[in-house]
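1. fold the following and give me the result.
(one chain, ligands or ions: 1)
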Amino acid sequence: MLALLRPHRRRLLAAAVVTLAASGLALVQPAVLQSLVDTAGTHAPPLTLVGVLALAVVAESLCRGAAVYHVMSASESVTLDLRATLAQHALRLPLRRLETTRRGDLVTRLTADTSLVRQVLAAGMIEVASSAVLVVGSLVMMSLIDPRLTVLTGVLIALAIVMITPFARRLRGATGRYQASLGVLGAEFDSALSSIRLVRSYAAEDGRTARIATDARRSWGLGLQVARLSAAVEPVIGIATQGALLAVLLVGGIRVGNGELTLGALVAFLVYLFMVILPTAQLLGALTRIQAGVAALARVDELMQEPTEPQGGLPCAGPGGVVPALELVRASFEYEPGRGLYDVDLVVPSGQHTAIVGPSGSGKSTLLSLLQRLYEPTDGELRVFGDPAALLDARSLRRRIDYVEQNAPALATSLRDNLLLADPGLDDATMLRALARVGLAGAAERGLELTIGDGGIALSGGERQRLAWARLLLSSSDVVLLDEPTSNVDTATESVFDALVQDLLAQRTVVTVSHRLVAVRSAHQIVVVDEGRIVGQGTHSELLDDCPTYRDLVAHDAARLSAAADPARR
Ligand SMILES: Nc1ncnc2c1ncn2[C@@H]1O[C@H](COP(=O)(O)OP(=O)(O)OP(=O)(O)O)[C@@H](O)[C@H]1O
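-> I've put the predicted structure just below:
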């Protein structure tokens, strides 16, 4: 927390100075009032004292305004830093960690939890700082006027604090659970929205709504728990406040009647008492809010403590000499026992086309993820242009390797932003040429600002794939990994892609995962994966001779193609 505040210390110092000044000016006022009241019976009120009082009131109000501004703007800046750091950290967590968490919970931590932290900084800090100064200052002034009355007031306030403390502690736990339940609620809603077509087509809105409502009810229950604990604090504050006021009026009135205290002193004492009571109530309220903020901060901190992917390392050197572009040496990776890839030895030669084939679920996409170091091998190692990947900076490595995922997801933003991923320095003309080359001139005619996905136009699966191909044309990577790159396009567009691969091969290494076996026959090498292991490696004709799994795949593909071509069998 202190580290977060450090960059804003000037503004916080300014806030502290004006808060102190405001409290000092408030403490002067009852003393002046005392003189005015005590002289009022005998003389006309001295104008200088009235002037001083008026000036103190105006100056105090101005200082309070300035304090509110400084503290609120500092807390906004702290929240901005917190959100930016948290987003950066979350996006750098290991991919497996992000795949096994619910997105909604991460979103809640970035939005709702950081808002609570901001509220604590803004309201909590200003209230605590100004209240503490006022309470201490007033108690000192009160003890100068009447020490016995001061002790009586102090005892009542101390009792209230002792009674409230356990509630505040429980409130912290309850708020933590409440914030966590908001995360679950957000995740459930996010999951329903992101698969809305599936939900609609199975008329499953009611089922999903019921689950969301159950989560919302859980949050409501926890919210009520928070409300009950907050409410329990209120009567304690009320009794202490009223009690202190009545006790001072009673005892003080008797002492004025006995001549032990002047009327002016009692008036001043009462005003100081208000300066103790109101800020104490504020202070206790602020403490309960601070407990809530601390719970939210704990959730933010929990995420920040998780290790990110290793950062730093050597820059990836890129192709040089005749070393293989990529190499997996006895590499394994496991999602869970029995599921993953095992003992993979694979050499991807530079400048060649390597095709990966295999039955569904055999581990082809996992293999591509290992080759781009999206997953770290649990055993063995990846080498990139001869260097162990573990020594290389992951981001520099990935800049040399393009990866087009299955179904080619696009960023829900403009066409331009999607293309600039390839190279932030691209000009419009180059981007438009690439779009035309892959047959997306129609989309380009609507402008590069065209928003796609979430809130914009929906691209078809084939259009998303062609957008990804355009990005490949624009990027200056050395290796291209393509997972089922033509699964959503028609036969005519497949040939556009095949020509594109030939162009890419002039300068880059290409690895494709494909079910279209006809398209990979000409690859320099074909790798056959089955049940998480490499079961064959070679050219098309070599594999036809030695790899039964490959022969089966080819036979199935041929049967599929002839069924598609024969109208009688369709
Ligand atoms: N994120 C994940 N968490 C857990 N298991 C996974 C995950 N991704 C894949 N798997 C499992 O790992 C195995 C290999 O999956 P992978 O996606 O690599 O296969 P694939 O050969 O690419 O399949 P397809 O051809 O159907 O795309 C499968 O059994 C799959 O269920």
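2. closest residue of the stretch 151-300 of the chain to the ligand?
-> Residue nearest to the ligand within the stretch 151-300 of the chain: S191 (15.5 Å; C-beta to the nearest ligand atom). Where C-beta positions appear, they are placed from N, C-alpha and C, glycine not excepted.
3. you'd agree that residue is up against V184?
-> No - counting by C-beta atoms under 8 Å, S191 does not reach V184; the two are 10.7 Å apart.
4. need the overlap of contacts for these two.
-> Common neighbours of S191 and V184 are listed as R102, G104 (criterion: C-beta atoms under 8 Å, 6 or more residues apart in numbering).
5. count the neighbours of the residue of the stretch 151-300 of the chain closest to the ligand for me.
-> 16 (other C-beta atoms under 10 Å).
6. show me what contacts it?
-> Contacts for S191 (C-beta under 8 Å, 6+ apart) come out as R102, G104.
7. please shift the residue numbers so they start at 28 in all later answers.
-> Yes, from this point I'll number from 28; that puts the last item at S218.
8. contact partners for R110?
-> Residues near R110 by C-beta under 8 Å, 6+ apart: L137, T141.
9. just to be sure, it is in a strand?
-> No - read with DSSP: H, G, I helix; E, B strand; the rest coil, R110 is helix and lies in no strand.
10. where's it relative to R136, distance?
-> The spacing between R110 and R136, counted by C-beta to C-beta, to the nearest Å, is 10 Å.
11. just to be sure, V554 is in a strand?
-> Yes - assessed with three-state DSSP, V554 lies in a strand.
12. ok, it touching G390?
-> No - under the criterion of C-beta under 8 Å, V554 makes no contact with G390, lying 10.8 Å away.
13. confidence score at S392?
-> Listed pLDDT for S392 reads 94.
14. quick one: which helix or strand includes it?
-> Assessed by DSSP states H and E, S392 sits inside helix 391-398.
15. the helix or strand following that helix packs against which elements?
-> Heading C-terminal from helix 391-398, the first helix or strand you meet, by DSSP H and E, is strand 406-411. Judged by 3 or more C-beta pairs under 8 Å, 6 or more residues apart in numbering; DSSP states H and E, strand 406-411 is in contact with strand 353-363.
16. tell me, how many neighbours does the residue of the stretch 428-577 of the chain found nearest the ligand end up with?
-> The minimum distance from the stretch 428-577 of the chain to the ligand, using C-beta to the nearest ligand atom, falls at Q433 (6.0 Å). Around Q433 there are 16 other residues, counting by other C-beta under 10 Å.
17. can you list the residues of the stretch 378-527 of the chain near the ligand?
-> Neighbours of the ligand within the stretch 378-527 of the chain, by C-beta under 6 Å from any ligand atom: G385, S387, G388, S389, G390, K391, S392, T393, Q433.
18. report the buried members of the residues you listed.
-> Those of these that meet the buried threshold are G385, S389, G390, K391, S392, T393, Q433, by 16 or more other C-beta atoms under 10 Å.
19. not counting its neighbours along the chain, what's nearest the second one?
-> Spelled out, it's S389. V556 (4.6 Å; C-beta to C-beta, 6 or more residues apart in numbering).
20. between the buried ones among the residues of the stretch 378-527 of the chain next to the ligand, which sits nearest V77?
-> Q433 (81.2 Å; C-beta to C-beta).
21. list the contacts of the closest residue to that closest one other than its chain neighbours.
-> With C-beta to C-beta, 6+ apart as the criterion, Q433 has its nearest non-adjacent residue at 4.5 Å, and that residue is D510. The contact partners of D510, by C-beta under 8 Å, 6+ apart, come to K391, S392, L395, Y430, V431, E432, Q433, T539, V540.
22. thank you, goodbye.
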